[in-house]
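S.K.: The following block contains a protein sequence and its predicted model.
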Protein chains: 2
Amino acid sequence: MRLSQEQVRTFRTQGFLVLEQLFGPEETEAFQEAFRRDSLIPGEHRVIERDSGDVRAVYASHERQPEFAALVRAPRVLGPVRQLLGSDAYVYQFKTNAKAPFAGAGWSWHQDFVAWQLADNLQLPRLVNVGVFLDDVNEFNGPVIFCPGSHRDGLVKKGRGAGQAASEQHIDPDDIALTATDMTGLVNRHGMVSAKGSAGTVVLFDPEIVHGSAPNMAPFRRRLLIMTYNDVANVPRPLGEPRPAYVVGRDTRPLEPVDEPIVPALEVVA
Amino acid sequence: MRLSQEQVRTFRTQGFLVLEQLFGPEETEAFQEAFRRDSLIPGEHRVIERDSGDVRAVYASHERQPEFAALVRAPRVLGPVRQLLGSDAYVYQFKTNAKAPFAGAGWSWHQDFVAWQLADNLQLPRLVNVGVFLDDVNEFNGPVIFCPGSHRDGLVKKGRGAGQAASEQHIDPDDIALTATDMTGLVNRHGMVSAKGSAGTVVLFDPEIVHGSAPNMAPFRRRLLIMTYNDVANVPRPLGEPRPAYVVGRDTRPLEPVDEPIVPALEVVA
């Protein structure tokens, strides 16, 4: 799959692009089921919500679940990613944020690339985030909110010294949060737009776009899968111990698109 | 002013009714300025945000600021209130919630009448809330979220024993918060709708409607003025010490509509 010129222009200008229901209901259900399975596997790749004990995030599920292994190579995803990067790509990070009902806290305003620069000494923002909605996302369950166009300003601030954070497992967005003063200027210039849509919708977004999200006010959880692809020429050069492989992928070989069904069972059923 | 039959039906069915820009820009600016003035007056009627030190709420401003004294008697407000109650009314509570940028916390899901029953031993839900937007309200700055029609189920739970809370200054919605289990049923039955609109917009809402609001994700504050009118025949009968007069009004005489300009200066300017 290739994006239209108009879609590429939107991505370049706004810093994000919504592809409504890129995945159908059966595929989305397969992802939900795969995430449920993966959430049961104990280990460090599973992050537990501080207060409630609910699963807040799971990393690297594409290494354990066949549906997600197919997803990272799906032409619908890898096509646009390689088109936008203009290069070969590999999976830098794969995670699912499961924002629990009520307890699911919001994320402060931040720019992803600050974290990756700090933690992994990544040189260039040659990455594309691909968010896949595993649940319907509306204004009530904590959608991601973007400042459209803010990626074109580059990094608002560099954050802490790189060496300081190099050994951390993952960076908490609160550590790199933009201040009210930063945000007043940004919102005055760029405004705010939230990415909403049915389950199966995909949002591509730039690693430098300013974004955050509100807590989940709804009594239903909101699961958002995020795959971050990196240019194969832009590999991390950590100053200290590299972050764990489940957080930052070490297989930096170019991914080839593989057009196989996300839901193998569908073939059997059909 | 009287509501149309359609508007009355909406209020009865949904439990709330939005009146877009009931107040014009000059009037809204006058309210903003009156609130600014009133926020500077120290005293117990002023509630300070725990973390930031910002003003979170101010009570009983209609007793100190002429614009708000005019507002509580304005036919545009008092007309619909008396129409909906079918009785004479007085100001039970007058407050402005100034949800600060970022720091402005959300309110848990709750029903107002539970609090008033507990704190003031109020017998019947014969009240109408009138919310006046002092700022534009959008999905980002913590709009009030309603479960439409939930008021028709009555109270989900009675909360703590009435005697226990009778001496408290004001009830924290967290104390009467509905649980995730309560809310799952309510949202499945009624859904969620947020009240958004330009500054000057008014939302009338029922004292038993289930509502909450998210934190303010925007770098601008969101000020919401709420006047609660009570049927003059439904006066509080506190079991212990009554709450302070700035929280629960003691002048229970019927208010008469007075059709005078909210902004006296406008006459001079004109």
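M.R.: Perfect, I can see it now.
S.K.: can you give me the helices in the stretch 101-250 of chain A?
M.R.: Counting by DSSP state H, counting those that start in this stretch, the stretch 101-250 of chain A has helices at residues A:112-120, A:162-165, A:180-190.
S.K.: Let's have the ones you listed in JSON lines, adding mean neighbour count.
M.R.: Bear in mind the C-beta positions are built from the backbone N, C-alpha and C, glycine included. Listed next are these as JSON lines, based on neighbours: other C-beta atoms under 10 Å in any protein chain shown:
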{"stretch": "helix A:112-120", "mean neighbour count": "23"}
{"stretch": "helix A:162-165", "mean neighbour count": "16"}
{"stretch": "helix A:180-190", "mean neighbour count": "16"}
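S.K.: so which of the ones you listed gets nearest chain B?
M.R.: helix A:180-190 (4.1 Å; C-beta to the nearest C-beta).
S.K.: average pLDDT across that closest one?
M.R.: Averaging pLDDT along helix A:180-190 yields 93.
S.K.: May I have that helix as PDB, with CA atoms only?
M.R.: Presented in PDB, the C-alpha positions along helix A:180-190 are these (Å, rounded to 0.1, in the frame of the first residue of the first chain):
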ATOM      1  CA  ALA A 180       2.600  25.300  30.800                       C
ATOM      2  CA  THR A 181       4.700  28.100  29.300                       C
ATOM      3  CA  ASP A 182       6.000  25.900  26.500                       C
ATOM      4  CA  MET A 183       2.500  24.700  25.800                       C
ATOM      5  CA  THR A 184       0.900  28.100  25.800                       C
ATOM      6  CA  GLY A 185       3.000  29.200  22.900                       C
ATOM      7  CA  LEU A 186       2.600  25.900  21.100                       C
ATOM      8  CA  VAL A 187      -1.100  25.800  21.400                       C
ATOM      9  CA  ASN A 188      -1.500  29.400  20.400                       C
ATOM     10  CA  ARG A 189       0.500  28.700  17.300                       C
ATOM     11  CA  HIS A 190      -0.700  25.200  16.400                       C
END
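S.K.: contacts for it?
M.R.: A:109, A:147-150, A:153, A:156-157, A:178, A:210, B:101-102, B:218-220 (C-beta atoms under 8 Å, 6 or more residues apart in numbering or on different chains).
S.K.: Quick one: closest of the helices of the stretch 101-250 of chain A to residue A:244.
M.R.: Closest of these to residue A:244 is helix A:112-120, at 11.1 Å (criterion: C-beta to C-beta).
S.K.: and the closest one, what does it pack onto?
M.R.: In terms of contacts (3 or more C-beta pairs under 8 Å, 6 or more residues apart in numbering or on different chains; DSSP states H and E), helix A:112-120 is packed against strand A:127-133, helix A:162-165.
S.K.: try 10 Å
M.R.: Packing partners of helix A:112-120 (3 or more C-beta pairs under 10 Å, 6 or more residues apart in numbering or on different chains; DSSP states H and E): strand A:89-99, strand A:127-133, helix A:162-165, strand A:222-231.
S.K.: could I get these as JSON lines with mean pLDDT and distance to residue B:127?
M.R.: Listed next are the helices and strands packed on helix A:112-120 as JSON lines, based on pLDDT from 0 to 100; distance: least, C-beta to C-beta, whole Å:
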{"stretch": "strand A:89-99", "mean pLDDT": "95", "distance to residue B:127": "35"}
{"stretch": "strand A:127-133", "mean pLDDT": "98", "distance to residue B:127": "40"}
{"stretch": "helix A:162-165", "mean pLDDT": "44", "distance to residue B:127": "53"}
{"stretch": "strand A:222-231", "mean pLDDT": "97", "distance to residue B:127": "34"}
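S.K.: before we move on, back to that, quick one: the helices of the stretch 101-250 of chain A as JSON lines, columns for distance to residue A:230 too.
M.R.: Putting these into JSON lines (distance: least, C-beta to C-beta, whole Å) gives the following:
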{"stretch": "helix A:112-120", "distance to residue A:230": "9"}
{"stretch": "helix A:162-165", "distance to residue A:230": "17"}
{"stretch": "helix A:180-190", "distance to residue A:230": "25"}
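S.K.: one step back: selecting buried members of the contacts of helix A:180-190 in PyMOL, what would you type?
M.R.: Listed next is the PyMOL selection for buried residues among these, using 16 or more other C-beta atoms under 10 Å in any protein chain shown:
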select buried, (chain A and resi 109+147+148+149+150+153+156+178+210) or (chain B and resi 101+102+218+219+220)
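S.K.: Lowest-confidence entry in the contacts of helix A:180-190?
M.R.: residue B:102 (72).
S.K.: Good, wrapping up.
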